[in-house]
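Peer 1: Predicted model and sequence below, questions to follow.
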Amino acid sequence: MDFRGAHILSVKQFERSDVDRIFEVADTMIPYARREKITKALQGAILGNMFFEPSTRTRVSFGCSFNLLGGQVRETTDVKTSSISKGESLYDTARVISGYSDVIVMRHPQVGSVSEFAKASRVPVINGGDGPNEHPSQALLDLYTIKKELLSNNRQIDGMHIAMIGDLKHGRTVHSLSQVLSLYNNITFKLISPAELKMPAQIVSELKIAGHKVIETEDMEAGLNDIDTVYLTRIQEERFTTKLEADIYRGRFRLNQSIYTRYCQPNTVIMHPLPRDSREEANELDNDLNQHPSLAIFRQTDNGVLVRMALFALVLDVAAKVDDTASDVGWYTQGRF
């Protein structure tokens, strides 16, 4: 695809070569993300960061990524503080904000809302999550992490076995990750969830049509056998009618040191899109795995900066210019990475 000026709304936009290109550019961002160098490639550019749902990692990561490329960030973080609360349409909001920005990242609780917004925008729009539908940048950073983690053990994405565990019905991260993984070859998906929270049938069908093996089960222990990567998700309480309804499923699937040692391979990669629910009644990914070398959740968040820097560089057509304005960092940065 031609990235210049493009909206990034869905992983379905990408061919495998497009993903390879994003990862190639992400690799070049490492010295900037690690504060070894500074670039002014996007000096003067403005990111409109519009988050109408709660976010920590995604919102801050996008803002940080833009800052690291030399740009500035303007944020709206709540419907109540925007004119949408006064009845302004997404169309009008898009027309206005795109006049203030060079690129926009948007998160919204309604499925399809970001695509609707993008139709009226005069600048590129990146989907930061539209309800339970998609989260393309998360899928890309997850895939980038999987690639690097497997490579460290002389394995690759083609032919891997992945277990996805938890709320697969509402989890936009697993929806997008499954769809982008369909670009690869001969993957075995073990989808572990309560029957009521199964992966949407359409996504399962698409995976099978693409030639992948899909196993759906409620048996977590059996599902962890012969797995390269385990990807856990929390119960998406905000997608349920009531907290009591969400509580029915909370804590049903938990991964801790004991279960991992008993059922997983010693180098099975452990992933989670975060936030993980560490409350006692949930605790889907136990803190006793925090020091485990296969726990990749914080490498995921670091990789998110690289991938989002790459998206900005490609969409705003500065990927080849980042090093042109590079200089050394002048402050203390040791021990961070």
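Peer 2: That came through, no problem. Residues are numbered from 1 along each chain as shown.
Peer 1: all strands of the stretch 101-250 of the chain, in order?
Peer 2: Counting by DSSP state E, counting those that start in this stretch, the stretch 101-250 of the chain has strands at residues 103-108, 125-130, 161-165, 188-192, 213-217, 229-232.
Peer 1: Same list (those strands) but as JSON lines, adding distance to Glu75.
Peer 2: In short, each C-beta sits where N, CA and C put it, glycine included. Shown next, in JSON lines, are the strands of the stretch 101-250 of the chain (distance: least, C-beta to C-beta, whole Å):
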{"stretch": "strand 103-108", "distance to Glu75": "10"}
{"stretch": "strand 125-130", "distance to Glu75": "12"}
{"stretch": "strand 161-165", "distance to Glu75": "32"}
{"stretch": "strand 188-192", "distance to Glu75": "36"}
{"stretch": "strand 213-217", "distance to Glu75": "39"}
{"stretch": "strand 229-232", "distance to Glu75": "29"}
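Peer 1: Compare these and give me the one nearest Ile22.
Peer 2: With respect to Ile22, and counting by C-beta to C-beta, the nearest of those is strand 125-130 at 12.2 Å.
Peer 1: Which strands or helices does that closest one pack on?
Peer 2: Judged by 3 or more C-beta pairs under 8 Å, 6 or more residues apart in numbering; DSSP states H and E, strand 125-130 is in contact with helix 57-68, strand 103-108, helix 113-120, helix 136-151.
Peer 1: got the angle for it vs helix 113-120?
Peer 2: Here the directions of strand 125-130 and helix 113-120 differ by 160 degrees (axes from the mean of the first three to the mean of the last three C-alpha atoms, to 10 degrees).
Peer 1: part of a helix, is Ala299?
Peer 2: Not Ala; residue 299 is Arg. Yes. Remark: Arg299 belongs to a helix, assigned using DSSP: H, G, I helix; E, B strand; the rest coil.
Peer 1: For the most centrally placed residue in the chain, which residues are in contact?
Peer 2: Among the residues of the chain, the one closest to the centroid is Gln138, at 0.9 Å (C-alpha atoms, centre = their mean). Gln138 sits next to Thr58, Gly129, Arg172, Thr173, Ser176, Leu177, Pro273, Gly304 when contact means C-beta atoms under 8 Å, 6 or more residues apart in numbering.
Peer 1: Swap in 6 Å and give it another go.
Peer 2: Shown in contact with Gln138 (C-beta atoms under 6 Å, 6 or more residues apart in numbering): Thr173, Pro273.
Peer 1: Mind jotting down where the helices sit in the chain?
Peer 2: 16-28, 30-33, 57-68, 90-100, 113-120, 136-151, 172-181, 201-209, 220-223, 243-247, 257-263, 297-315 (DSSP state H).
Peer 1: The helices and strands packed on strand 125-130: which one's closest to Val322?
Peer 2: Closest to Val322 of the helices and strands packed on strand 125-130, according to C-beta to C-beta: helix 57-68, at 9.9 Å.
Peer 1: In CSV, please show the C-alpha coordinates belonging to the closest one.
Peer 2: Below are the C-alpha coordinates for helix 57-68, written out as CSV (Å, rounded to 0.1, in the frame of the first residue of the first chain):
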residue,chain,number,x,y,z
ARG,A,57,-0.7,2.9,27.2
THR,A,58,-2.2,3.6,23.8
ARG,A,59,-2.7,7.3,24.4
VAL,A,60,0.6,8.0,26.0
SER,A,61,2.5,5.7,23.6
PHE,A,62,1.1,7.5,20.5
GLY,A,63,1.9,10.9,22.1
CYS,A,64,5.4,9.8,23.1
SER,A,65,6.1,8.4,19.6
PHE,A,66,5.1,11.6,18.0
ASN,A,67,7.2,13.7,20.4
LEU,A,68,10.2,11.4,19.8
